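Engineer: got a predicted structure plus its sequence, pasted below:
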Amino acid sequence: MLDQTTSMLTESRLSGSDTVVLQEPFPILVAYNQLPTEIADDLDRDFPSYRGAGYLPYEEVDCGPSVRSLIEEMTSPEFADSIGERLGVPNLKQYPTIVSICRSLKKHHGNIHTDGNSKIVTALLYLNPDWMQSSGGCLRFLTSIDDIEATVVPEVRPVYGTLAAFRRADNSFHGHLPYQGERRVIQIAWLTSEEEKQRKIRRGRVSRFLKWLSSSVSPKE
């Protein structure tokens, strides 16, 4: 049960032995066991039930209280500076954030990419109770844009409480092998400007509407 007076994300867990930080070939953080096990049921209950696959813009009305509280912590100045300090971005809290949530993927998601220039740092917090897939859907940080096997660290299984973050660079290659099905993750991105944030919000809302529209169309008999 969630205790509203207790933080879900703590500096002590992020500073523990379950956290790995690399600066080359680009700044990467992978931290395991970052969430208390006793709030897993709350987060499961309060996670949004999206109809479309892929990342969708966060709307408070879609989520229950525990997910809203978790996102409030992930967008706090304290969390920003904890991540920024480890990835070589002083005062990360000065930059605007945008939140996206994914409940499920289709097989075309996960192609290798670097993220756009408007992103400074991206953090992903996974909320899946287990992961039966051998490699499909597991995040890979890579040294090449055309080799999914050129991993920098062991692939990141998207299980409950695993946090992955990286600093965007021209070589910040990442992706995953194809996977279709439920894959719960909250993504926070710190952006270069408020203008970029508003542009992404507008684009995200259009994408959300189109996904809703396509999922509402019944197949022909």
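Structural biologist: Now that the structure is in, tell me what you want to look at. Fair warning: this is a prediction, and the values are worked out from it, not measured in the lab.
Engineer: CA atoms for contacts and neighbours, from now on please.
Structural biologist: Noted.
Engineer: ok now the strand ranked longest in the chain, how far from the chain's centre?
Structural biologist: Longest strand in the chain by number of residues (criterion: DSSP state E): strand 181-191. Remark: strand 181-191 is offset 3 Å from the chain centroid, using Cα atoms, centre = their mean, to the nearest Å.
Engineer: list the buried residues for it?
Structural biologist: 183-191 (16 or more other Cα atoms under 10 Å).
Engineer: quick one: the helices in this structure, in order.
Structural biologist: 11-14, 40-46, 65-74, 77-87, 194-216 (DSSP state H).
Engineer: residues in contact with the shortest one: which ones?
Structural biologist: So that's helix 11-14. Contact partners of helix 11-14, identified using Cα atoms under 8 Å, 6 or more residues apart in numbering, comprise 31, 33-34, 82.
Engineer: redo the residues you listed as CSV? Include neighbour count and distance to residue 69.
Structural biologist: As requested, the contacts of helix 11-14 are exported to CSV (neighbours: other Cα atoms under 10 Å; distance: Cα to Cα, whole Å):
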residue, neighbour count, distance to residue 69
31, 21, 20
33, 16, 18
34, 22, 15
82, 19, 18
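Engineer: between which two of these is the distance greatest?
Structural biologist: 33 and 82 (16.3 Å; Cα to Cα).
Engineer: and for residue 204, the neighbour number?
Structural biologist: Residue 204: 17 surrounding residues under other Cα atoms under 10 Å.
Engineer: any idea how far it is from residue 127?
Structural biologist: Here residue 204 is placed at a distance of 22 Å from residue 127 (Cα to Cα, to the nearest Å).
Engineer: cool, and residue 87?
Structural biologist: The gap separating residue 87 from residue 127 is 23 Å, by Cα to Cα.
Engineer: what stretches of this structure score poorly on pLDDT?
Structural biologist: For the chain, the stretches with pLDDT under 70 are 1-5, 206-221.
Engineer: let's see that with 90 instead.
Structural biologist: Residue ranges of the chain with pLDDT under 90: 1-7, 50-53, 132-134, 198-221.
Engineer: circling back to that earlier point, and of the buried residues of strand 181-191, the nearest to residue 67?
Structural biologist: Using Cα to Cα, residue 186 comes nearest to residue 67 of the buried residues of strand 181-191, at 9.3 Å.
Engineer: in contact with that closest one, which residues?
Structural biologist: 71, 99-102, 124-127.
Engineer: and residue 144, what does it touch?
Structural biologist: Here residue 144 is in contact with 150, 171, 173 (Cα under 8 Å, 6+ apart).
Engineer: okay, now residue 117: neighbour count?
Structural biologist: 11.
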